[in-house]
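A.B. asks: prediction below, plus the sequence it came from.
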Amino acid sequence: MQKTMSNRRIGAVLVAAGRGERAGQSVEGPKQYRKVGGEPVIRRALRAFRKHPLISEISVAIHAEDFELFRQAVGDLAEGVTVVPGGPTRQASTRLALLALQDKNLNGVLIHDAVRPFVDAALIDRVCADLSVGALPAVPVSDTIKKADKDGIVVTTVPRADLYAAQTPQGFPFGKILEAHEEAFRQGREDFTDDAAIAEWAGIPVRIVEGSPDNVKLTWAKDIEMANARLSQSFPDVRTGNGYDVHSFGEGDHVTLCGVAIPYHRALSGHSDADVGLHALTDALLATCGAGDIGTHFPPSDMRWKGAASRIFVEEAVRIVRERGGRIANADITLIAEAPKVGPHREAMTATLSHMLKISPDRVSIKATTNERMGFVGREEGIAAIATATVVYPGELPE
Ligand code: MG
């Protein structure tokens, strides 16, 4: 933990126990576990607090059934985070998450809705600036506000000059907000829609700090679609990897290049089918996520890979890339050989790779060149290949 200007200790509570029915059902679970920009909403929100130097403790209230979902969604970010089962309402969940921090010697606490994944460091800074009283990030209301009767007939236009839309994280002196929650609990008051409302009720002054228009709450399925669209326009995490391989000629009647068997009076020798193109591509794919190389995953000493079709190496690399949320944008392979001729087989190779990588043929490139009769390739002792893969990963580039 970075030393801050004072010895203030500030914690954060993430409220994530809701079921989010308004966003519709999804295989990814409630909306805080849906992905925006390839990353679960809750992970994105948690990351903002985890990496902020002023925040020293975090507790998250989740639904009692969501522990596995939470673990999968946040991965390594769960380290050091206190996770508690929430209650039947947001207010009840917040109280339980605050109680989990009561022995952490905190001066202040920020309470945040996990379905606001676009909270940023500057906003956290503004809320933390003074936690001797409450701090409420808010934006001035820009729409004209109408009041209507139960038949939907407008009764009046509400002056909006001093109206604000409340956001989270809302910051408070820790002891005071916990005591306010405890008092509301004792009195059976469970109708507060945010923590600032509880603070007002308990007589804790709350000052407004500048909110952020980006800090939207994802409530509806449409909100998630819009968040995805917005993120795709920011800085995508595009990574490239390269790979190189070479195999020498031996006895045989065909060579296998990019998954296609080509009749030839010799074969490439190697432990597997010696497909240099697919070996180079496997390395290129693994390189995009720092996952080692083909030898790491398929040691030549392992008899299982003897004579193996190299497509299993590529398919394993694809699985590893996808497991990390990667989407393959393109693959480019150059085969370096004096013979056999690659041109007549290019179409079949492209189709094979397109199928193997589950990307369209225009994202696959197979090129071939001779070595102008120079070197070991020029002397027709073997075939070499180089490959480049581009994969786009979820999340944003490091700052
Ligand atoms: Mg090889």
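C.D. replies: Alright, I've got the coordinates. Here the structure is a predicted model, which is why all the values come from computation and not from measurement.
A.B. asks: confidence score at residue 22?
C.D. replies: Residue 22 carries a pLDDT score of 61 in this model.
A.B. asks: ah, wrong one, I meant residue 27
C.D. replies: 65.
A.B. asks: what does the one 3 residues further on give?
C.D. replies: If you check residue 30, the pLDDT there is 85.
A.B. asks: again with residue 221
C.D. replies: At residue 221, pLDDT is 82.
A.B. asks: distance-wise, check it relative to the ion.
C.D. replies: As for residue 221, its distance to the ion is 47 Å (criterion: CB to the ion, to the nearest Å). Heads up, the C-betas are built off the backbone N, CA and C, glycines and all.
A.B. asks: how many residues are close by that residue?
C.D. replies: 16 (other CB atoms under 10 Å).
A.B. asks: residue 222 too?
C.D. replies: Using other CB under 10 Å: residue 222 sits among 11 other residues.
A.B. asks: do the same with residue 365
C.D. replies: Quick note: residue 365 (other CB under 10 Å) scores 16 neighbours.
A.B. asks: cool, the one 4 residues further on as well?
C.D. replies: Residue 369: 13 surrounding residues under other CB under 10 Å.
A.B. asks: now it: how far from residue 38?
C.D. replies: 36 Å (CB to CB, to the nearest Å).
A.B. asks: residue 292 now?
C.D. replies: Going from residue 292 to residue 38 by CB to CB gives 23 Å.
A.B. asks: which of those two has more neighbours?
C.D. replies: residue 38 (18 against 12).
A.B. asks: leaving out chain neighbours, which residue sits closest to the more buried one?
C.D. replies: Excluding the flanking residues, the one nearest residue 38 by CB to CB, 6 or more residues apart in numbering is residue 394, at 2.5 Å.
A.B. asks: which pLDDT value goes with that neighbour?
C.D. replies: 80.
A.B. asks: before we move on, what about residue 50?
C.D. replies: pLDDT, residue 50: 96.
A.B. asks: the residue nearest to it when sequence neighbours are not counted: what's it in contact with?
C.D. replies: Nearest non-adjacent residue to residue 50, counting by CB to CB, 6+ apart: residue 77, 5.5 Å away. By CB atoms under 8 Å, 6 or more residues apart in numbering, the contact set of residue 77 is 43, 46-47, 50.
A.B. asks: closest to the ion out of those residues?
C.D. replies: residue 43 (36.9 Å; CB to the ion).
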